[in-house]
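A.B. asks: Dropping a prediction and its sequence here:
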Number of protein chains: 2
Amino acid sequence: MCFNLRKASRAVTQVYDEFLRPGGLRTTQFSLLAMLVGKGPMPIRTLADYMVMDRTTLTRNLKLVEREGLVTVRAGDDRRTRIVEITEQGRDAVKQSLPFWQDAQDFMVRELGSKTWSALRANLGETISAAQTTND
Amino acid sequence: MCFNLRKASRAVTQVYDEFLRPGGLRTTQFSLLAMLVGKGPMPIRTLADYMVMDRTTLTRNLKLVEREGLVTVRAGDDRRTRIVEITEQGRDAVKQSLPFWQDAQDFMVRELGSKTWSALRANLGETISAAQTTND
DNA sequence: CATAATTAGGTTTATATGCACATAGTGGCA
DNA sequence: TGCCACTATGTGCATATAAACCTAATTATG
């Protein structure tokens, strides 16, 4: 299953990256920014948990979008933490890329059928939870 | 969906990597070697297609397992091609890691339930095909 | 047969991923 | 108060991923 999941992930990422290309954001970056738009400013650790992404991976990914001025990172009240916040420029970037993302989404739904689509969506949610039960 | 697929891929890969660790192979490497065991020697391009992996990604991944003596790469009759073949040492590595892989598989099936498991399996297959219709 | 189009592959560059290890701040407890 | 466990983060290393560009061999076409 891990085979198939990774294959599917690569294949679908390629589709989304292709659609997103004119907007200038990679799939990873769009996901990250969209999460920040939805949830507001938060420490790196919290964002990493939301993204189901290794904390250190996120640190690297943040460097790129920070360099582009799409997010800011500042110290939190707890001075161990660093708070990530999306900038106006970041919001614009998401806004610009959103239609391309929608196109990609529409393409995949059209190809898959909305029934398979929602089944997959549900199953992936369960799979993520299942995989994370190791971290107890 | 791309979010969820990538999240699930990361989460599940971590589970498999964790289980495979004592065998000394990464998930990617195990997948690659297992494919070669199943399908026999073939050119890089063909293997990349089977793996739904970019050709250049495969080249890098091959370098690692070639360095470990797990595969050999030689020129084909068509002298543009390079034929990848698993070595005895490679077969041994797969054999050694197989039980760990099975443990990971069992863990995921147990956590997910075999019904969700097979549904997911089927959906992922469809998804891979769907995503690849872009390459027309 | 000569040349154009196609195909297989490598290399460069950039992003993505995560483990092991190190550092610094917080909070509890003797 | 002083120490220790815990938590948040960064860095070094290694692997994974793929687009862009380049070369060489094969195949198609006139």
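C.D. replies: Cool, got the structure. Numbering: from 1, shown residues only, chains lettered A, B, ... in the order given.
A.B. asks: Below-threshold pLDDT in chain A: ranges please.
C.D. replies: A:134-136 (pLDDT under 70).
A.B. asks: Show me the residue at the heart of it, geometrically.
C.D. replies: In chain A, the centroid-proximal residue (CA atoms, centre = their mean) is residue A:31; its distance is 2.4 Å.
A.B. asks: Could you pull up the residues touching that one?
C.D. replies: A:51, B:2, B:3, B:6 (CB atoms under 8 Å, 6 or more residues apart in numbering or on different chains). Every C-beta, even on glycine, is put in place using the N, C-alpha and C of the backbone.
A.B. asks: so can I have TSV of those showing neighbour count and secondary structure?
C.D. replies: Below are those laid out as TSV (neighbours: other CB atoms under 10 Å in any protein chain shown; DSSP: H, G, I helix; E, B strand; the rest coil):
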residue	neighbour count	secondary structure
A:51	20	helix
B:2	23	helix
B:3	17	helix
B:6	24	helix
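A.B. asks: Tabulate the residues you listed in TSV, adding columns for distance to DNA strand D.
C.D. replies: Below are those laid out as TSV (distance: CB to the nearest atom of the strand, whole Å):
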residue	distance to DNA strand D
A:51	12
B:2	12
B:3	16
B:6	10
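A.B. asks: Quick check: the farthest pair among those?
C.D. replies: A:51 and B:2 (12.6 Å; CB to CB).
A.B. asks: Report how many residues lie close to residue A:1.
C.D. replies: 18 (other CB atoms under 10 Å in any protein chain shown).
A.B. asks: from what I can see it touches residue B:105, true?
C.D. replies: Yes - with contact defined as CB atoms under 8 Å, residue A:1 counts as touching residue B:105 (7.0 Å).
A.B. asks: For chain A, just list every one of the strands.
C.D. replies: Ranges of strands in chain A, per DSSP state E, are A:42-43, A:71-75, A:82-86.
A.B. asks: Does the biggest helix by length in chain A reach DNA strand C?
C.D. replies: Across chain A, the longest stretch assigned as helix under DSSP state H is helix A:88-112. No - counting by CB under 7 Å from any atom of the strand, DNA strand C is not contacted by helix A:88-112; separation bottoms out at 12.8 Å.
A.B. asks: can you state the direction angle for that helix and strand A:71-75?
C.D. replies: Helix A:88-112 runs at 120 degrees relative to strand A:71-75, counting by axes from the mean of the first three to the mean of the last three CA atoms, to 10 degrees.
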